[in-house]
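In: Build the 3D model from these lines:
(2 chains)
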Amino acid sequence: MTTTFRAGAVLTALILALVLLSFLWLPYPPQAMDIPDRLAAPSLAHPFGTDAFGRDVLANVLAGGRASLAVGALAVLLGAGVGVPLGITAAISGGWADELLSRLSDVVFAFPALLIAVLAASIAGPGVPDAVVAIGIFNIPVFARVARAAARAQWQRDYVLAAIAAGKRRFFIARAHILPNILPALCVQAAIQSSLAILAESGLSYVGLGVQPPFPSWGRMLDDAGTLVTTAPWLALFPGLAILLTSFALALLGDGLRDLADPRRETAR
Amino acid sequence: MSLLTLDNLTVSLGGRELLYGVSFSLASGEALALVGESGSGKSLTALAIAGLLPEGAARQGRILFQGEDLAAAPEARLRSLRGAKIGFVFQEPMTALNPVQPVLDQVAEVFQLHRGLDQPKARNHAIAALSQVELPSRLAAGRHHPHELSGGQRQRVAIAMALALNPALIIADEPTTALDPVTEAQILALLTRLARERGAGLLFISHNLSAVARVAGRIAVMARGEIVETGPVSLLGGGAAHPVTRALIAAALAEPPPVNVPGEVRLAAERVSHLYPGRRGWLRHSPPVRALEDVSFTLAAGECVGLIGESGSGKSTLLRGLLGLQRLSGGDIRIDGISVNAASATEWRGLRRKLQIVFQDPATSFDPRWRVRDIIAEPLGLLGAAPDKPACVADLLVQVGLSPSHAARYPHQLSGGQRQRVAIARALAVDPEILVLDEATSALDATVKAQILALLVRLARERHLACLFVTHDLDVLRAVADRVIVLEAGRIVEDGPAAQVLAAPRHAYTAKLIAAAPGLDAALRTAHA
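Out: Presented below is the predicted three-dimensional model:
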C-alpha cells in the first residue's frame, strides 16, 4: 500500500462522502433564492457566499457534485468500455481491421463533442444522459488509441509468442496478458479523462445541452460565475476548487493503482 | 609511468560493498581486459573511473589518471575529461546514439562542443573520423539516421564518437555483445588497431574469452567485486590459478557432445520458400524480398541440430513458419507427417503440443505480472484432461534444476540463468517432441551458458527430444550440436555432422563465420603465434 494510493483513496472517499451527504442534508435548498442577500461574501451564515440570485454556493457545490461526478465517471466508463476492447482488437488483428478502426477513430475525433451532444440531445433530450453519451463517445477514440499503442508494444513481446505456442487463443491472450500489462497506461489516461469530462460538461451546460437549470453542476457554476468574477470571486473559486481537488484525487488514485498493480514495485524501492 | 592506476578502489551503495579493494594499472598503448560474470563488478569499475557511479554510491581509494586523482576531482573537471581524454564505447549502440539526429551531426557535435569549431568545419572533421572507422563514405557523408545503419555500422559510429578527440584512455564495455560473429570480429579488429595506432590505453570489458584473447595483452579476472587474478592473456591457455578463472575457461572450452543415434524423423522441411510481398503504395514502392529459397532439412528424435546464419539469413522467417505465425509461400513443413500449411485449427492444437520453443531474451519472454507457477502451467491447457497443476509445476522445476519454492516468484525475482530454466520448464510442460531454441543462451554469461547447455543436452537425451538450436554463437554448436545447418541469404549452403562442418567447412561462407568466431584455444593460438 503506497502513500500515493492511500492519499488518493482518502481524498476520493471524502469527496464522494460529501456529495452523498448532499442527498441527506444541505445547509439550504440549492434552488432557494434570497434576492436581498444576493452576492453576499462568505460569512458564517453562507460559508461559501451567495450568487446573483442569493442562492447558497455551498449547497450548490455539494449538490452540483452529483451531476459532475456522475458525468465524469460514466463518460470515462463508456469511453474505456468501448475504446479499450476496440484498441486491443485493432492492435492484435493488424491489417485492414486495424486500418479501419484507426480511421474510424480519426473520424470521431474530427467531430467536436458539441456536435455529438446536439445529435444525442435531439434523440434523448438534453440532460445528464445526453452529456454522458456525448462526452463518452468523444472518449472512445482517446482510449482506443492509448490501448492500441500500448497493446502493440506488448504484442511484440516473446511471452505472447510463448502463449501462442502454448495454444492459447487470441482472446485469452488479450485478456490474460495484454490487458493487465497495459492497465497502468489506461489508469493514468482515465484519471485525466475524468477531469476533462467534468470540465467538458460545463461547456455543454453552457449551451444548454448538459445539466438543465435549475439543477446545479460544477461546470455550470463556473460558467455562470464568469461575468461576475471581479465583483464576487467566490462564485468561481469554490466550484473551481472542487474540480481541482477531484482531478487531483483521481490522479493520485490512478497513480497509486498503477503502482499497486505492479509486482515489481517491491524490489524497485 | 602508467596511464591509469586504480589503488584499492572500494565502492559501496546502500551499505553494501559492490567493489572491494580493486587495484590494477594500465599503460599507454596497452590493452587490459576485465573479465568475469555479470554482477562481478566489471562495468561498475568502468563507471567509477569515469565518475559515473549511481547516485548515493560511496567511493574510497584512488583512481590515478595521468597522475591526477579522479576520485578527488570535482564534477566539472570530470566532465571535461570524459569524451576528451576518456572515450567510452557501450554495448548497445542503438541506445547510445540519438535516433532523430543524423549520425554525421552527432559526431560533428563532439568537435563543436569540445573544440569550439563551427558546424562546417566540425562536419569535415566528423567525415574524417567516420572514414577512420571504415564507415562507407556514402553513409558518412549522407544525412543518415541511426536506424538506417546496421548494428555493426552503428557501433562504428559510436567508436568514431568515442575516439574523435584522441582520448588517452578508451573504455569499451561489452562493445560487441549485440553483434553477430562476423561483425564482432571486424569491430574488435578495428578497436584494437585504432587503440594501438594512437597509443591509447584500452580497457576492454567482456565475458567472451575468445574476444578477450583476440584483443587484450593482459587480463584481470573479477568475481564478487574483487579482482581475483591478474596476468598475461596466455593465462587463459593454461596456468590460471584461481578457481573462478578456471571455471570461466572451462565454460568457454566446450566439450563436443557424445555421438548419438538419431531416431525417426520428427520434422521435415520440404523445399520451403518464402517471398515477402513488396509494397505497392502511391508514394512508396519496394520490391518483394525472397527470405527463404528451397530450404529442405530433417530433424530426428534424439538429434540436436544447430541452425546458424547471420541476421537477415532467413532464420526468423523459418522459425515463424515452424510456429505457424507466418504462412510460407512455397513448400511445406511436416511435423510427424502433418503438414503445417494444411493443418486445421484443431490439428494445430495437436501440433503445438509437439513443438515448443525457448526464446532468447529472458526479460521479455514472460508476462511480468505472472508468477512462475502460472507461467509454467500456461501450456498445460493443451493436454486435454486437466492435470494436477501444482504437482506438474513442482516436478518440472526440479527437472530443470530449480526448487519447487521458485513457483511463487515473479520473473523479475530470478536471475537470467534461472529465467532461462523456467522458460525450458514451460517448453517441456506438455512433453513436446521437438524443442526449438531461438538464441536461448545468447543473453547469458559464459559459465551460466555452459550450465544451461549441459541441462539441455541432458534433457534432450533423457526425453529423446529433437532439438533445433537457432543461433549465431558457434560456442553453442561446439557444445551441443550433432549436426549443423548453415543458412545464407535464405538458402542452405551446408548441412553435415557438426565436427566436420566446424573443423573443415566446405562452403566459403561457413569458413568466414568460423574464422570470425574462433574458439578460445584457436583465438589464443592465432593471437600469440
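
In: from here on, contacts and neighbour counts on C-alpha atoms
Out: Fine.

In: Pairing partners for the helix or strand hosting B:Gly231, with directions?
Out: Remark: B:Gly231 resides in strand B:226-232, with elements defined by DSSP states H and E. Partner strands and pairing direction for strand B:226-232 (DSSP bridges) are strand B:218-223 (antiparallel).

In: what comes into contact with the partner strand?
Out: B:31-37, B:40-42, B:227-233, B:244-245 (C-alpha atoms under 8 Å, 6 or more residues apart in numbering or on different chains).

In: Tell me who's in contact with residue 38.
Out: Unless you meant another one, I'm taking chain A. With C-alpha under 8 Å, 6+ apart, A:Arg38 has these contacts: A:50-55.

In: actually chain B
Out: B:207, B:445.

In: Next up, phi/psi of it, please.
Out: phi -70, psi 140 (degrees, to the nearest 10).

In: Could you list which residues are in contact with B:Pro368?
Out: A:263, B:410-412.

In: who wins for most neighbours among those?
Out: B:Pro411 (26 neighbours; other C-alpha atoms under 10 Å in any protein chain shown).

In: just checking, that residue touches B:Arg421?
Out: No: checked against C-alpha atoms under 8 Å, the pair B:Pro411 and B:Arg421 is beyond contact range at 11.2 Å.

In: what are the bridge partners for B:Val35, then?
Out: With DSSP bridges as the rule, B:Val35 is bridged to B:Ser206, B:Val221.

In: And it, how far from B:Ser206?
Out: B:Val35 is 6 Å from B:Ser206, where distance means C-alpha to C-alpha, to the nearest Å.

In: Flag the shaky bits of the chain, pLDDT-wise.
Out: Assuming you mean chain A. For chain A, applying pLDDT under 70 flags the ranges A:1, A:113, A:264-269.

In: Switch to chain B, please.
Out: For chain B, the stretches flagged by pLDDT under 70 are B:1, B:93-94, B:254-262, B:278-285, B:385-386, B:527-529.

In: near chain A, which residues of it?
Out: Within chain B, the positions near chain A by C-alpha under 8 Å from any C-alpha of the partner chain are B:323, B:349, B:352-353, B:355-357, B:359, B:361, B:364-369, B:378-382, B:410, B:412.

In: Report the separation between the closest residue to chain A within the stretch 201-350 of chain B and B:Gln101.
Out: In the stretch 201-350 of chain B, the residue that lies nearest chain A is B:Arg349 (5.9 Å; C-alpha to the nearest C-alpha). Distance of B:Arg349 to B:Gln101, given as C-alpha to C-alpha: 47 Å.

In: B:Glu37 now?
Out: 35 Å.

In: More neighbours: which of the two?
Out: B:Glu37 (21 against 13).

In: Just the element for the residue nearest the centre of chain A, please.
Out: Centroid-nearest residue in chain A: A:Ser194, 1.6 Å away (criterion: C-alpha atoms, centre = their mean). If you go by DSSP H and E, A:Ser194 is part of helix A:179-206.

In: and that helix, how far from the chain's centre?
Out: Its chain's C-alpha centre and that of helix A:179-206 lie 4 Å apart, by C-alpha atoms, centre = their mean, to the nearest Å.

In: again with stretch B:350-369
Out: Offset of stretch B:350-369 from its chain centre (C-alpha atoms, centre = their mean): 19 Å.

In: ok, now stretch A:107-124?
Out: For stretch A:107-124, the distance from its own C-alpha centre to the chain's C-alpha centre is 18 Å (C-alpha atoms, centre = their mean).

In: residues making contact with it?
Out: Residues contacting stretch A:107-124 (C-alpha under 8 Å, 6+ apart): A:126-127, A:130-131, A:133-135, A:137-138, A:141, A:204, A:209.

In: and which of those is nearest chain B?
Out: A:Pro141 (26.6 Å).

In: isn't the closest one right up against A:Gly83?
Out: Yes: assessed by C-alpha under 8 Å, A:Pro141 is found in contact with A:Gly83 at 6.0 Å.

In: if we can go back for a sec, tell me the most packed of the contacts of A:Arg38, by neighbour count.
Out: With neighbours taken as other C-alpha under 10 Å, the top of those is A:Thr50, carrying 28 neighbours.

In: Need the phi and psi values for it.
Out: Residue torsions, per degrees, to the nearest 10, at A:Thr50 are phi -130, psi 160.

In: Let me know the distance separating it from A:Val61.
Out: 11 Å.

In: and if you look at A:Phe111?
Out: Distance from A:Phe111 to A:Val61, counting by C-alpha to C-alpha: 31 Å.

In: Looking at these two, which one has more neighbours?
Out: Set A:Phe111 next to A:Val61 and count neighbours by other C-alpha under 10 Å: A:Val61 wins out with 26 against 11.

In: what helix or strand does that one sit in?
Out: Going by DSSP H and E, A:Val61 is part of helix A:57-93.
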